[in-house]
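Enquirer: mind looking at a prediction? Sequence and model below.
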Amino acid sequence: MSKRNVITLIVMFFIGALIFWYASRDIKLDILINDFFAINWWWILVALICILLYFLLESWITHSIVASQTDQFTFKDAIRVPLVEQLFNGITPFSSGGQPGQLFVMVQTGVDAGKASSALLMKFIVFQGMIVINFIISLLIGFHYVVDKLHALSWLVVFGFVIHFFVILILLLIMYWYSLTKKLINIIIKPAKYFLNDERYLKFNKMINEKIDTFHTESIRIAKEWKLLLKISIITFFQLLFYYLIPYFIILGLGYSGVDVIMIISLHVLIVMIISLFPIPGGSGGAEYSFELLFQSYITNNSKLVLAILLWRLLTYYLGMILGFIAIGIKPDKVYK
């Protein structure tokens, strides 16, 4: 891990501390401490188990895909992949470092770069598909609530959905309308001629077309492995379910009962969509603000609301980065080709 990445990691923890201080600035310390010790930690343990299951299920998905192509890929190495993904997602804008981070770890293990890219592609397609399906359901259940609480920011939710849906649409176009997609992409990138010299434009054009060719070839191969696709789709469904349940158990841990679990899950799905649009790593600031606005009707005590935000961010953001930092330092079991 580079010095720059380590500095970014430290900065993100520092920003998190500042956000927590700002959120709790008007709350008396003794009240915050009393509410902290009044937490039912058994429910928080359940929330912790949920995020650990989230990591383990993604490890299972990674191992299932890679093991179908490469011998000797151990589950220990599979566990490293989602943890390193969490680390690099957490320190890069728009979570852009997660995919390269996963590829690095898999290649470091000895998995062929082409096969590693293919495995990540299958994971990405299924994960994006499940996110879009979950989002549509959540939009139907909780969008009216989001509009009421977030007002203008509610359009960020719609915008997030459009982006994720557009990604799925592009993937499907490349898979099933290959020639049309290549023509469209070449038309879209033509304006780059005005910003690049001829040599750099030709290299850029060649790189884009090669990636489209690779994706098309791999997606056709993946589509034929329908049993494996079905398996990882089912696992991904439960993986996301455990993740979306985390705020529900945190709310129970803070002493609030009779909460509608379906609504809480739906709101968490929408929050995750909003976070993906914030350019700051981890959606810092935007994540906490969205959580506060959407869940303040369920957590009416300001002190407990701050604690809920803290626990939620520790479990869904900072824990993954800490485990990823540890995972990147673990020596991999080499795959011998």
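Expert: Yep, it's here.

Enquirer: my guess is I330 meets L83, correct?
Expert: No. At 9.3 Å, I330 and L83 do not qualify as touching, with contact defined as Cβ atoms under 8 Å. Every residue, glycine included, has its C-beta placed from N, CA and C.

Enquirer: okay, these two: which has more neighbours?
Expert: Between I330 and L83, counted using other Cβ atoms under 10 Å, the more crowded position is L83 (25 against 14).

Enquirer: what helix or strand is the more buried one located in?
Expert: Per DSSP states H and E: L83 is located in helix 75-91.

Enquirer: and the closest residue to P279 other than its chain neighbours, how many neighbours?
Expert: Nearest residue to P279 in three dimensions, chain neighbours excluded: P93, at 4.7 Å (Cβ to Cβ, 6 or more residues apart in numbering). Number of residues near P93 (other Cβ under 10 Å) recorded here: 12.

Enquirer: ditto for T316
Expert: Neighbourhood size, T316 [other Cβ under 10 Å]: 25.

Enquirer: from L245, how far out is it?
Expert: To L245, T316 is 11 Å away according to Cβ to Cβ, to the nearest Å.

Enquirer: for D71, list the residues it contacts.
Expert: Counting by Cβ atoms under 8 Å, 6 or more residues apart in numbering, D71 touches V335.

Enquirer: how about it, secondary structure?
Expert: Per DSSP: H, G, I helix; E, B strand; the rest coil, the secondary structure class of D71 is coil.

Enquirer: give me phi/psi at it?
Expert: phi -80, psi 160 (degrees, to the nearest 10).

Enquirer: tell me the pLDDT of it.
Expert: On the pLDDT scale, D71 is placed at 77.

Enquirer: and F238, by the same measure?
Expert: Listed pLDDT for F238 reads 96.

Enquirer: ok, now which ones touch it?
Expert: L57.

Enquirer: and the angle from the helix or strand harbouring it to helix 75-91?
Expert: F238 belongs to helix 226-244 when assigned by DSSP H and E. Calculated by axes from the mean of the first three to the mean of the last three Cα atoms, to 10 degrees, helix 226-244 forms an angle of 50 degrees with helix 75-91.

Enquirer: render the CA-only coordinates of helix 226-244 in CSV, please.
Expert: Coordinates of each C-alpha in helix 226-244 appear next as CSV, following Å, rounded to 0.1, in the frame of the first residue of the first chain:
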residue,chain,number,x,y,z
TRP,A,226,-26.2,-20.2,-15.9
LYS,A,227,-25.9,-22.5,-12.9
LEU,A,228,-23.0,-20.5,-11.5
LEU,A,229,-24.8,-17.3,-12.2
LEU,A,230,-27.9,-18.5,-10.4
LYS,A,231,-25.8,-19.6,-7.4
ILE,A,232,-24.0,-16.2,-7.0
SER,A,233,-27.2,-14.3,-7.7
ILE,A,234,-28.8,-16.1,-4.7
ILE,A,235,-25.8,-15.5,-2.5
THR,A,236,-25.6,-11.8,-3.5
PHE,A,237,-29.3,-11.4,-2.6
PHE,A,238,-28.6,-12.6,1.0
GLN,A,239,-25.3,-10.7,1.1
LEU,A,240,-27.1,-7.4,0.4
LEU,A,241,-30.0,-8.3,2.7
PHE,A,242,-27.6,-8.7,5.7
TYR,A,243,-26.0,-5.3,4.8
TYR,A,244,-29.3,-3.5,4.5
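
Enquirer: neighbours of L229, how many?
Expert: L229: 17 surrounding residues under other Cβ under 10 Å.

Enquirer: now do the contacts for it.
Expert: Counted by Cβ under 8 Å, 6+ apart, L229 has contacts M122, V126, I222, A223.

Enquirer: need those in CSV with pLDDT, can you?
Expert: Formatted as CSV, the contacts of L229 follow (pLDDT from 0 to 100):
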residue, pLDDT
M122, 82
V126, 88
I222, 72
A223, 73
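
Enquirer: restricted to strands, list those.
Expert: Among those, no member is found in strands (DSSP state E).

Enquirer: could you work out the most separated pair of those?
Expert: V126 and A223 (11.7 Å; Cβ to Cβ).

Enquirer: when the two are compared, which one has more neighbours?
Expert: Between V126 and A223, counted using other Cβ under 10 Å, the more crowded position is V126 (23 against 13).

Enquirer: quick check: the gap between the more buried one and F249.
Expert: From V126 across to F249, the span is 26 Å (Cβ to Cβ).

Enquirer: end-to-end on stretch 176-194?
Expert: Stretch 176-194 has an end-to-end distance of 31 Å (Cα to Cα, to the nearest Å).

Enquirer: who's in contact with it?
Expert: Contact partners of stretch 176-194, identified using Cβ under 8 Å, 6+ apart, comprise I170, L173, I174, Y201, F204, N205, I208, N209, I212, H216.
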